[in-house]
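Engineer: based on what follows, work out the 3D shape:
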Amino acid sequence: MRSSNARKRSALLERVLQAVERFGNRIPDSFTLFLWIIGGLIVLSVVLSLAGAAVESPATHKTIAVKSLLSAEALRWFLVSVMGNFTEFPPFGLILVLAMGVGVAQRTGLLETTIHHLVLGIPRWCVTLALVFICFFSHVASDVALLIMPAIGAMVFRAMGRHPLAGLCVAMAAVGGGYSANFIIVGLDVVMAGLSTSAARIANPDISVSPVDNWYFMVCSVFVLASLAVLITERVVEPRLGLYRGSTTKEVAEGTPRERRALRVTGLVVLVLVVLIAAAVALPHGILRDPKTDAVIGSPFLKGIAPLLFCIFVIAGTTYGAMMGTIRRPKDVGALIGQTVRELGGFIVLMFLIANFTAALVWSNIGVVAATAGAHLLIDVGLTGAGAQFMLMAIGALVVIVIPSSSAAWALLAPLFVPMFMLLGYQPAFTQLAMRVGLCSFIPISPINPFVPAAVKTGQEYVPDLTYGQFLSIMVPYVVSFMMAWPVLYFVFYAFNLPIGPGITPRF
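Structural biologist: Predicted structure coming up:
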C-alpha cells in the first residue's frame, strides 16, 4: 500500500512539473518579455493618470499622483535621464567590475583547476553539501555569483559522474534563492543597510541600520537552506533527471604538475593579499577602517568590497596565467577582460532595459502609489502582526518578478514600508529582513533575470535541447521548499523576539 501511494505521489509530482515545463516553454525570451512589460507599464501609467490615481505621502503628507509616461513631460524626462538611469543603476557597475575580474581568473584556467582540486579532495557523499556552502560563500562576488556558480556546479557534478543539470540547478538555487544566506558580511548587506537607513530616517532622523543587523538570521539560514538543497537534489532532482549519458568538452581533466605548482603559487599570492587586507581592517587605525570612527561598520572595506574582489581575481588570474604561459605580456590581461565584456553584451542590453524600467516606475509614481495603497489596506484590515510580515514577503516576491534586482526592488519599497512598520513597533532591520526573504524567492527562475537565460545557455552545453521550461521544472522544487522553510525560520525569530543581529530584535 505504501509503495502504491508513493508511486501515486511521484506520478502527481511528475505531472505538475511537466505542466510547469509546458508553461515555461510558452514564455518568450527575456528581451521580448521585458519589452512587453515596459509597454504594459506605459499603458498602466496612462490609465491611472487619466483616472486620477493618487495617494498621500506618509513622509511629507503631500499628494502623490501617477504621471503618464506618454506625456510631453515624460518624453523630456526620458531624453535627459535615459543614460543616467543606466550608468547610475547601482547593480550595473558592481556586476560589471566583478565580472571583469572573474573573467581573468576564468579564462586563464584558474577557476577550473581550483574546482578540480576541490573535487578531488571532497568525498563523493558530501559533494552536494560542499557545493552549496561554496555557493553561499560566493555571495561575496554579489550578483556575478549567479553568472559563474551554476557553470561551476554543472562542472563539478559532471566530474563526479553525476548529472550536470542537477549541479547547475542546485547552484542556481543556493546562489539565487539563498541570496542573503551567508556566514560573512557581503556587499548586499551593505547596500540593503544603506537603503534601509535612508528610509528609516524618514520616521526617525537618528536611527541607522548596520550591515550586520541581519547577520544572526543569515547564519541560521545557511544551515536550513543547505539541508533543503541537498535533500531536494538527491531525493527529487537527480532521480528525475536519471543517468547523464551526454558528452561534453567541459570535463575536469587530471591535473598536471605544472598546474599544481601554479595553483600553489597563486594560492600563496592570494593568501598574502587576504592577510594584508585583514590587517588593514582588523588593526586599530587600519587604512581600510572608517577614518573618522575607526570602526569596520561604514568603512572603506565594506563599501569597497567590489574593487577589492576585482583586484584579488585579477592578480590571482594573472599569477596563474603567467605560471601557465597563458599570459605573457600585460596587454594579455586587457585582452582577457575585453573578451569577458564582449560576452556580456546581451546581459548589458537587459540591464539597460531593467535600469530604465525601474527609473520609469519611480518617476511615474506608480510604485509609490501602489505600495501606499497596499499599505493602507493592510492597516485597514488589521494586518499589523505576523500577517503583515507575511504580506511583506509576498510583496517582495511579486516585485522581484518584474525587478530582478533585490537592491533595486528594495530601493523602491523601503521608503514606504520601513517607516510604516517602525510606527507599528518593528525594527527597520526586521522589516528589511522580511523583504530579503521575499525578494529572493523568484530570483533563480525569473525569466527577466538576465542570469536565468545565462544558466539555461550553460545547461545547453551539456543538454543541447534544454529549454527554459525544462529548467523551470527542475528549479521549482528548490524554489517551493525555500519559500516554505525560510518564512518558518523568520517567524520563529519573530515569535520569540530572538536577536536577528548583534543587539537587534524584531521589535523595539
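Engineer: confirm residue 351 sits in a helix?
Structural biologist: Yes - according to DSSP: H, G, I helix; E, B strand; the rest coil, residue 351 belongs to a helix.
Engineer: these two touch, right, it and residue 92?
Structural biologist: Yes - in this structure, residue 351 is within contact of residue 92 by C-beta atoms under 8 Å, at 5.2 Å. C-beta coordinates here come from the backbone N, C-alpha and C atoms, glycine included.
Engineer: list residues touching both of these two?
Structural biologist: Common neighbours of residue 351 and residue 92 (criterion: C-beta atoms under 8 Å, 6 or more residues apart in numbering): residue 86.
Engineer: buried ones in stretch 413-428?
Structural biologist: Of the residues in stretch 413-428, 413-422, 426-428 count as buried by neighbour count, 16 or more other C-beta atoms under 10 Å.
Engineer: actually stretch 464-472, not the one I wrote
Structural biologist: Using 16+ other C-beta under 10 Å as the test for burial, stretch 464-472 gives 466-472.
Engineer: quick one: end-to-end distance for that stretch.
Structural biologist: 16 Å (C-alpha to C-alpha, to the nearest Å).
Engineer: picking that back up, from the buried residues of stretch 413-428, which ones fall inside helices?
Structural biologist: Members of those lying in helices (criterion: DSSP state H): 413-422, 428.
Engineer: show the pLDDT at residue 408.
Structural biologist: At residue 408, the predicted lDDT confidence score is 69.
Engineer: just to revisit the earlier point, quick one: which of the buried residues of stretch 413-428 is nearest to residue 217?
Structural biologist: Nearest to residue 217, judged by C-beta to C-beta, of these is residue 427 at 11.9 Å.
Engineer: which ones are touching the closest one?
Structural biologist: Under the criterion of C-beta under 8 Å, 6+ apart, the neighbours of residue 427 are 213, 500, 504-508.
Engineer: buried subset of those?
Structural biologist: 213, 500, 504-506.
Engineer: can I get the residues you listed in TSV including secondary structure, distance to residue 265 and pLDDT?
Structural biologist: Below are the buried ones among the contacts of residue 427 laid out as TSV (DSSP: H, G, I helix; E, B strand; the rest coil; distance: C-beta to C-beta, whole Å; pLDDT from 0 to 100):
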residue	secondary structure	distance to residue 265	pLDDT
213	coil	40	88
500	coil	42	93
504	strand	43	87
505	coil	48	91
506	coil	49	91
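Engineer: ranges for the helices of the stretch 51-200 of the chain?
Structural biologist: Taking DSSP state H, counting those that start in this stretch, the helices of the stretch 51-200 of the chain run over residues 72-87, 90-107, 110-120, 127-137, 145-159, 164-172, 187-200.
Engineer: list the helices and strands the fourth one packs on?
Structural biologist: For helix 127-137, the packing partners by 3 or more C-beta pairs under 8 Å, 6 or more residues apart in numbering; DSSP states H and E come out as helix 110-120, helix 145-159, helix 164-172, helix 215-232.
Engineer: what of the first one?
Structural biologist: If contacts are counted by 3+ C-beta pairs under 8 Å, 6+ apart, helix 72-87 sits against helix 345-363.
Engineer: ok, 10 Å please
Structural biologist: Secondary-structure packing of helix 72-87 (3 or more C-beta pairs under 10 Å, 6 or more residues apart in numbering; DSSP states H and E): helix 30-50, helix 345-363.
Engineer: what residues of that helix count as buried?
Structural biologist: Buried residues in helix 72-87, defined by neighbour count with 16+ other C-beta under 10 Å: 74, 77, 85-86.
Engineer: related to what we said a few turns ago, of all the helices and strands packed on helix 72-87, which lies closest to residue 62?
Structural biologist: helix 345-363 (16.1 Å).
Engineer: centre of the chain to that closest one, how far?
Structural biologist: From the chain centre to the centre of helix 345-363 is a distance of 17 Å (C-alpha atoms, centre = their mean, to the nearest Å).
Engineer: could you measure from the residue nearest to residue 392 when sequence neighbours are not counted over to residue 67?
Structural biologist: Spatially, and ignoring its direct neighbours in sequence, residue 392 is nearest to residue 434 (4.1 Å; C-beta to C-beta, 6 or more residues apart in numbering). Distance of residue 434 to residue 67, computed by C-beta to C-beta, to the nearest Å: 29 Å.
Engineer: more neighbours: which of those two?
Structural biologist: Counted by other C-beta atoms under 10 Å, residue 434 and residue 67 do not tie: residue 434 has more neighbours, with 25 against 18.
Engineer: pLDDT wise, what is that one at?
Structural biologist: Listed pLDDT for residue 434 reads 89.
Engineer: please apply the same query to residue 72.
Structural biologist: Looking at residue 72, the pLDDT reads 92.
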